[in-house]
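Asks: Next come a sequence and a model predicted from it.
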Amino acid sequence: MGATLAIGGVVIIGGGGHAKVVIESLRASGRRVAAIVDADPTPREVLGVPVLGDDLKLSELREQGLSELFVAIGDNQLREKLGRKARALGFSLVNAIHPSAIISPTVRIGEGVAVMAGVVINAESQIGDLAIVNTGAVIDHDCRLGAACHLGPASALAGGVSIGDRAFLGVGARVIPGVTIGADAIVGAGGVVVRDLPEAVLAVGVPAQIKGERS
Ligand code: JB2
């Protein structure tokens with residue numbers, strides 16, 4: 001194991017479905033993935049990457065010289081919390097940006113961000129730390145994505161949309177120009193958001209209607 005880690009690479013937190021997509025994205029962009037830590041520490045491999053233990057293993061990996069980490073956990077609140085923990089242990093959060101993504105040179109992207117295959121991000125948009133821009137999502141110009149939010153696969157934001165911290169848009173959700181979606185809000189799959197949504201609500205449908213608080 002020592003020899004495996006000695007040549008370095010990215011440590012991944014989480015060994016589930018999201019991690020699989022992240023690992024392939026990192027590899028496609030030329031990065032080596034060294035190890036996974038998962039709440040289930042059973043020794044195994046995920047796409048050929050060894051699961052070395054649970055989060056208690058992180059400080060040991062840092063002491064062994066590994067310094068780059070990606071939090072590959074879909075749950076927004078948990079991803080944000082684990083990102084804080086990794087930084088406190090001295091890791092830097094790398095981005096996993098698939099080479100097929102088309103990103104304007106005027107876009108600003110934070111740390112620990114996943115931009116999956118086929119994504120388009122247009123002029124002067126900003127993507128917060130630990131955000132997920134999932135497969136095939138489209139972000140037009142001047143959008144603002146908060147920390148640890150998640151745009152689901154094939155979702156689309158028109159120009160000037162603002163997405164709050166930890167908000168989640170399900171697969172195929174769409175948002176018309178200039179709308180603001182509050183922190184921790186959820187938009188159900190296929191929902192079309194045509195007016196601002198407050199924090200922590202669940203909105204579904206076309207046009208999206210508020211159905212209650214986020215559970
Ligand atoms: O605190 C934790 C922890 N909690 C759960 N620390 C670490 N290191 N690992 C943790 N986990 C692990 O995350 C679980 O043991 C499990 O292996 C993994 C979550 O896997 P799952 O496939 O359930 O979810 P995901 O987060 O990988 O993917 C979700 O989000 C993606 C964005 C799914 O909904 C996917 O379908 C979605 N594409």
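Replies: Thanks, I have it. Residues are numbered from 1 along each chain as shown.
Asks: all contacts plus neighbour counts: C-alpha atoms, from now on.
Replies: Will do.
Asks: give me every residue that touches the residue nearest the centre of the chain.
Replies: The C-alpha lying nearest the average C-alpha coordinate of the chain belongs to residue 132 (C-alpha atoms, centre = their mean; 2.6 Å). Counting by C-alpha atoms under 8 Å, 6 or more residues apart in numbering, residue 132 touches 113-115, 148-152.
Asks: Highest neighbour count among these?
Replies: When neighbours are counted by other C-alpha atoms under 10 Å, residue 149 leads the contacts of residue 132 with 32 neighbours.
Asks: so that residue makes contact with residue 181?
Replies: No - under the criterion of C-alpha atoms under 8 Å, residue 149 is not in contact with residue 181, lying 10.7 Å apart.
Asks: Now do the shared contacts for those two.
Replies: Common neighbours of residue 149 and residue 181 (C-alpha under 8 Å, 6+ apart) are 163-164, 167.
Asks: For residue 206, which non-adjacent residue is closest in space?
Replies: Counting by C-alpha to C-alpha, 6 or more residues apart in numbering, residue 206 lies nearest to residue 192, which is 5.1 Å off, once chain neighbours are set aside.
Asks: before we move on, back to that, let's see which of the shared contacts of residue 149 and residue 181 end up in strands.
Replies: In strands, defined here by DSSP state E, the members of those are residue 163.
Asks: ok, the shared contacts of residue 149 and residue 181 vs residue 66, which is closest?
Replies: residue 167 (30.8 Å; C-alpha to C-alpha).
Asks: Could I get the contacting residues of the closest one?
Replies: In this structure, residue 167 makes contact with 76, 146, 148-150, 181-186, 200, judged by C-alpha under 8 Å, 6+ apart.
Asks: Between all of those residues, which two are at the greatest distance?
Replies: 76 and 181 (15.2 Å).
Asks: the more surrounded of these two?
Replies: residue 181 (27 against 21).
Asks: which among the shared contacts of residue 149 and residue 181 gets closest to the ligand?
Replies: Closest approach between the shared contacts of residue 149 and residue 181 and the ligand, by C-alpha to the nearest ligand atom: residue 167, at 12.7 Å.
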